[in-house]
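K.L.:
Next comes the sequence, and after it the predicted model I'd like to discuss.
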Amino acid sequence: TQLLEQSPQFLSIQEGENLTVYCNSSSVFSSLQWYRQEPGEGPVLLVTVVTGGEVKKLKRLTFQFGDARKDSSLHITAAQPGDTGLYLCAGITSGNTGKLIFGQGTTLQVKP
Amino acid sequence: KAGVTQTPRYLIKTRGQQVTLSCSPISGHRSVSWYQQTPGQGLQFLFEYFSETQRNKGNFPGRFSGRQFSNSRSEMNVSTLELGDSALYLCASSLQISSYNEQFFGPGTRLTVL
């Protein structure tokens, strides 16, 4: 069974703090995607990482793909209340196109 | 370009009934994947269709089935509904022109089984 362990599951921080969310697996992924989901809505794609060691930045969000393509992290700098939501990592393994394996998600609450 | 649309958005059924959910992908996308999201299990893959063919299937019972039409629109059907089938059902479409296959999700159909 391919698993993607995401941590922490819950995070409640004050506005302005930094945070990091981790996704780890024993499986190698051909790509890994990060999503953000609001209550009652579908996940919205934030970024896709493909190459081992790749780092992508999206304003205050920094995404990293591990060298072995088994893990990834999302770092948010100076979190804002608008960052509140459910963050999901999801990976695709070779030969399983169209099948995303999701982590359990991290519920982030940023208090003003 | 319009996003992924799903109908209906909300559905209430009783145990034993069946239900059909619909998904229209982004124009030009040929791959449609379906997922079930519950608080306890998170997002779990149901199946994926590409050019009217089921290409990948998750670990769900045979009561869950799907199909894809020539215009790439997809439907999923759940027969003999159980209380545990209450969930948010999400579909995602993908262009499938690269190895990393970015998927774009619809808003979901919230199914409640009473």
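P.N.:
Noted; the coordinates are in hand.

K.L.:
what about residue B:28, how many residues close to it?
P.N.:
Counted with other CB atoms under 10 Å in any protein chain shown, residues neighbouring residue B:28 total 10. For glycine as for every other residue, the C-beta is placed from the backbone atoms N, C-alpha and C.

K.L.:
again, but for residue A:59
P.N.:
Residue A:59, neighbours per other CB under 10 Å, totals 7.

K.L.:
ok, it to residue A:78 distance?
P.N.:
Distance from residue A:59 to residue A:78, counting by CB to CB, to the nearest Å: 10 Å.

K.L.:
so where's the chain shaky on pLDDT?
P.N.:
Because you didn't say which chain, this covers chain A. Low-confidence segments of chain A (pLDDT under 70): A:1-2.

K.L.:
Correction: the question concerned chain B.
P.N.:
For chain B, applying pLDDT under 70 flags the ranges B:1, B:97-100.

K.L.:
Up against chain A, what does it have?
P.N.:
Within chain B, the positions near chain A by CB under 8 Å from any CB of the partner chain are B:4, B:31, B:33, B:35, B:42-45, B:48, B:50, B:55-56, B:58, B:90, B:92, B:94, B:96, B:99-108, B:110.

K.L.:
mind listing which of those are in strands?
P.N.:
B:31, B:33, B:35, B:42-45, B:48, B:50, B:55-56, B:90, B:92, B:94, B:104-105, B:110 (DSSP state E).

K.L.:
List only buried entries from those.
P.N.:
Among those, the ones that count as buried by 16 or more other CB atoms under 10 Å in any protein chain shown are B:31, B:33, B:35, B:42-45, B:48, B:50, B:55-56, B:90, B:92, B:94, B:104-105, B:110.

K.L.:
and residue A:46, what does it touch?
P.N.:
A:33, A:34, A:35, A:36, A:58, A:61, A:63 (CB atoms under 8 Å, 6 or more residues apart in numbering or on different chains).

K.L.:
buried residues in the helix or strand the second one falls within?
P.N.:
With secondary structure defined by DSSP states H and E, residue A:34 is part of strand A:31-37. For strand A:31-37, burial by neighbour count (16+ other CB under 10 Å) applies to A:31, A:32, A:33, A:34, A:35, A:36, A:37.

K.L.:
What's opposite the third one in the beta bridge?
P.N.:
Beta-bridge pairing of residue A:33 under DSSP bridges involves residue A:48, residue A:90.

K.L.:
so it touches residue A:50, yeah?
P.N.:
No. Checked against CB atoms under 8 Å, the pair residue A:33 and residue A:50 is beyond contact range at 9.8 Å.

K.L.:
Please enumerate the shared neighbours of the two.
P.N.:
Joint contacts of residue A:33 and residue A:50 (CB under 8 Å, 6+ apart) do not exist.

K.L.:
and residue A:82, which of the three is it?
P.N.:
Following DSSP: H, G, I helix; E, B strand; the rest coil, residue A:82 is assigned to helix.
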